[in-house]
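J.: For reference, the sequence and a predicted model appear below.
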Amino acid sequence: MAYQQERYIAELAVQRASILTQKVFFEKAKGTVSKDDKSPVTIGDFGAQALIIQAIRKNFPNDEIVAEEEASSLREDKALSAEIWRLVKDIKLEDAESDKILGGPIASEESMLDIIDEGKSAGGPKGRIWALDPIDGTKGFLRGGQYAVCLGLIVDGDVKVGAIGTPNLPVDDAAPIDASTGAQQTSTSANGVLFSAVQGEGATSRPLSNGTLAESKSISMRPVPDIAQAVFCEGVEAAHSAQGDNAAVAERLGITAPSVRLDSQAKYCSIARGAGDIYLRLPVKKDYQEKIWDHAAGDIIVREAGGQVTDIYGNRLDFSKGRTLAANKGVVAAPKALQDQVIDAVKVVLKL
């Protein structure tokens, strides 16, 4: 089976980075009153990026990486760099063999900065390119809600592997979810899920752990015989998705259940395991281009769970155009059997 090693490394790397993000939250973000204080997110972003790129470099040294952060600001802000290094240097998986596979501890602060800077690939249609979002859903992270550590492997423009760590999603697939899920988290709560998929192999979920990978199970979207019974997932932030248009699409489809609002690619994960059915990210600004790291892993996890992921015109997302989805507008994800109905409603509401 192709890409099993890539999936394994991606899952372990995301799991290790999730340990860091939780540590940053409990040490730095919990009790953050002001949303202007971005330092916890900055620390988590840079630290998680360093840990994941190190793992990719150790195992796939010739692959390219498209990541959100670069280290020039850290080289100027010595105090922030030192603080990130203090947290990163001690992060390890409790299973020594698993940690060794990822490269073990990063050698030094300077090495950490160099590793962070290795995510500058321009992307494109050829070769093996990892798309990394170390903390997707920054406001969710700060409030103790939903965020995700996301890693996808794109080969010749096509997503082949995806892994997403969601430290605040409930382990129980059937647990009801809403925007406050995980908000009262403790480090011992029954939350934390690691999702993954390989093209043609299906999608899985397993509890996040601090050591070896926990046992996995296959996941799939739930059957929705009547579209009026479907549940929408959408973003919490109005700036990210046109919530009024989303509501109009729901009304057109006869959907009356309130939409579930979650930050981050946790939305892709939720519909992939049947804790929701339809994810809409309708364009807010005409010229906005979605970033590939915001969608690569979620795209393959939903498609391997029996769903379809397209833009508002019904075209598959095109990951071959560089660092953005330049050829697409918006995102619509739904069970395959419902996708055409959802797209038709979107086209009417947006007057396409």
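T.: Sure thing, it's come through.
J.: Please point out which parts of stretch 217-229 sit buried.
T.: Ile219, Met221, Arg222, Val224, Ile227 (16 or more other CB atoms under 10 Å). Glycine gets a C-beta too; all of them are placed from N, C-alpha and C.
J.: which residues of this protein fall in strands?
T.: If DSSP state E is used as the criterion, the strands of the chain fall at 64-67, 128-136, 148-155, 158-170, 191-198, 202-207, 217-219, 232-234, 260-261, 278-281, 307-310, 331-335.
J.: Point out the most buried one among these.
T.: Counting by mean count of other CB atoms under 10 Å, strand 148-155 has the highest mean neighbour count of those, with a mean of 29.
J.: now that one, how far from the centre of its chain.
T.: 7 Å (CA atoms, centre = their mean, to the nearest Å).
J.: what's that strand packed up against?
T.: helix 4-24, helix 39-59, strand 128-136, strand 158-170, helix 296-304 (3 or more CB pairs under 8 Å, 6 or more residues apart in numbering; DSSP states H and E).
J.: The first one - contacts with which helices or strands?
T.: Helices and strands in packing contact with helix 4-24 are listed as helix 39-59, helix 78-88, helix 96-101, strand 128-136, strand 148-155, strand 158-170, strand 191-198; criterion 3+ CB pairs under 8 Å, 6+ apart.
J.: if you set the cut-off to 6 Å instead, what comes out?
T.: helix 39-59, strand 148-155, strand 158-170, strand 191-198 (3 or more CB pairs under 6 Å, 6 or more residues apart in numbering; DSSP states H and E).
J.: got the CA coordinates for it in CSV?
T.: In CSV, the C-alpha atoms belonging to helix 4-24 read as follows (Å, rounded to 0.1, in the frame of the first residue of the first chain):
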residue,chain,number,x,y,z
GLN,A,4,1.9,4.2,4.5
GLN,A,5,5.2,5.5,5.8
GLU,A,6,4.2,9.1,5.0
ARG,A,7,1.0,8.6,6.8
TYR,A,8,2.7,7.2,9.8
ILE,A,9,5.3,10.0,10.0
ALA,A,10,2.6,12.6,9.5
GLU,A,11,0.5,11.1,12.3
LEU,A,12,3.4,10.9,14.8
ALA,A,13,4.6,14.4,13.9
VAL,A,14,1.1,15.9,14.3
GLN,A,15,0.7,14.0,17.6
ARG,A,16,4.1,15.4,18.9
ALA,A,17,3.3,18.9,17.8
SER,A,18,-0.2,18.7,19.5
ILE,A,19,1.6,18.0,22.9
LEU,A,20,3.4,21.3,22.4
THR,A,21,0.2,23.2,21.5
GLN,A,22,-1.6,21.9,24.6
LYS,A,23,1.4,22.8,26.8
VAL,A,24,1.4,26.3,25.4
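J.: got the buried residues for it?
T.: 6-24.
J.: any idea of the mean pLDDT for it?
T.: Average pLDDT, helix 4-24: 97.
J.: residues making contact with it?
T.: 40, 43-44, 47-48, 51-52, 55, 59, 91, 93, 98, 102, 149, 151, 153, 161, 163, 165, 167, 194, 196, 198, 208, 210, 213 (CB atoms under 6 Å, 6 or more residues apart in numbering).
J.: Domain map for this structure?
T.: The record's domain parsing of the chain by automatic domain parsing lists 4-219, 227-349.
J.: tell me, which of those is the model least confident about?
T.: Among those, domain 4-219 scores lowest, at a mean of 91.
J.: picking that back up, Lys120: which of the helices and strands packed on strand 148-155 is closest?
T.: helix 39-59 (10.6 Å; CB to CB).
J.: before we move on, the earlier item: I'd like the strands of the chain laid out as a markdown table, including distance to Leu253.
T.: As requested, the strands of the chain are exported to a markdown table (distance: least, CB to CB, whole Å):
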| stretch | distance to Leu253 |
| --- | --- |
| strand 64-67 | 35 |
| strand 128-136 | 27 |
| strand 148-155 | 27 |
| strand 158-170 | 26 |
| strand 191-198 | 26 |
| strand 202-207 | 25 |
| strand 217-219 | 24 |
| strand 232-234 | 9 |
| strand 260-261 | 16 |
| strand 278-281 | 8 |
| strand 307-310 | 16 |
| strand 331-335 | 10 |
